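Trainee: Here is a sequence together with a model predicted from it:
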Amino acid sequence: MGKLAPSVLSADLLKLREQVTVVAENGADYIHVDVMDGSFVPNISFGPVMVSTLKRITTLPLDVHLMIQNPQNYIQNFADAGADIITVHQEACTHLDRVISQIKASGCQAGVSLNPATPLSAVLPVMNAIDLLLIMSVNPGFGGQRFIPYTLEKIREAAEFKRRDSASFLIEVDGGISLQTAPAAVQAGAEILVAGNAVFKQDSPAEACKSLKQVIQTSGRAV
Ligand code: DX5
Ligand code: ZN
């Protein structure tokens with residue numbers, strides 16, 4: 001069954017506790033935290049303080065997406081803050097294998113993310129070492145962008161690899177997910193869908209979350 005990870009990048013921070021509670025009660029399976037450094041991506045967002053604050057608000061697993069250069073220098077800070085999954089970008093890691101080991105040694109699950117233009121082949125050697133593969137369906141940096149359709153092919157490829165190798169990593173998709181785009185992502189093989197604007201920028205985040213979760217769970221995987 002598909003899972004939903006609302007991204008607090010799009011939340012109203014004045015109502016953080018209320019909004020996180022609302023999504024937790026309406027189908028959210030994870031809380032996605034977008035960390036941006038103004039260097040790897042052209043925007044600056046949250047740091048470990050946001051993670052430790054969320055940890056005090058919710059028992060949902062915190063899915064921390066590091067869009068930062070030199071992520072190896074910050075793994076322990078995010079683990080100590082309460083991250084459950086730490087995802088780094090392949091494009092930001094010279095020594096990806098080492099960073100994955102570092103995340104696991106910190107007690108967190110290890111994720112690796114790929115920008116839209118990065119092929120799946122860039123992470124094939126580590127596919128059996130990771131817990132999560134995060135496929136970006138927008139260029140990272142901002143919420144509210146349009147889903148890039150060609151990224152569906154990479155989701156299909158990852159799902160095919162996973163089946164062939166009986167690998168255990170989960171396939172997550174991030175960017176431009178909505179009631180309209182979610183079905184194709186699920187059918188391609190996405191197991192966790194991140195959604196920012198489609199949840200928090202709606203009149204009723206509760207209703208939006210519930211509807212999105214329902215669409216995710218009823219959009220069967222194409223065989
Ligand atoms: C993009 C972030 C996403 C973003 C998703 O850089 O990694 O998680 O918040 O937002 P939406 O769902 O609005 O595209
Ligand atoms: Zn993200």
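Mentor: On my side now, so go ahead. Ligands and ions are numbered 1, 2, ... in the order given.
Trainee: going forward, measure contacts between C-alpha atoms and count neighbours the same way
Mentor: Fine.
Trainee: From what I see, Val41 and Leu66 are in contact.
Mentor: No - the pair Val41 / Leu66 is not scored as a contact, 10.2 Å apart, by Cα atoms under 8 Å.
Trainee: higher neighbour count, those two?
Mentor: Applying other Cα atoms under 10 Å to Val41 and Leu66 shows that Leu66 carries more neighbours, namely 27 against 16.
Trainee: Residues touching the helix or strand the more buried one falls within, excluding its own?
Mentor: Counting by DSSP states H and E, the element that carries Leu66 is strand 62-67. Strand 62-67 has contacts (Cα atoms under 8 Å, 6 or more residues apart in numbering) with 5, 30-37, 40-41, 51, 54-55, 82-89, 140-141.
Trainee: so what's the backbone phi/psi at Ile44?
Mentor: The phi/psi pair for Ile44 (degrees, to the nearest 10) reads phi -120, psi 130.
Trainee: My guess is it contacts Asp37. True?
Mentor: Yes - using Cα under 8 Å, Ile44 is in contact with Asp37, at 4.9 Å.
Trainee: Among the contacts of strand 62-67, which ones are in strands?
Mentor: When the contacts of strand 62-67 are checked against strands using DSSP state E, the ones located there are 5, 31-36, 85-89.
Trainee: For ligand 1, state which of those is nearest.
Mentor: Set against ligand 1, the nearest of the ones in strands among the contacts of strand 62-67 by Cα to the nearest ligand atom is Asp34 (5.5 Å).
Trainee: That closest one contacts Ile44, correct?
Mentor: No - if you go by Cα under 8 Å, Asp34 and Ile44 don't touch, sitting 9.6 Å apart.
Trainee: What strands line up against the strand holding Leu66, and which way round?
Mentor: Here strand 62-67 is paired, per DSSP bridges, with strand 31-36 (parallel), strand 85-89 (parallel).
Trainee: Excluding residues flanking it in the chain, which one is nearest Gln145?
Mentor: Gly176 (5.5 Å; Cα to Cα, 6 or more residues apart in numbering).
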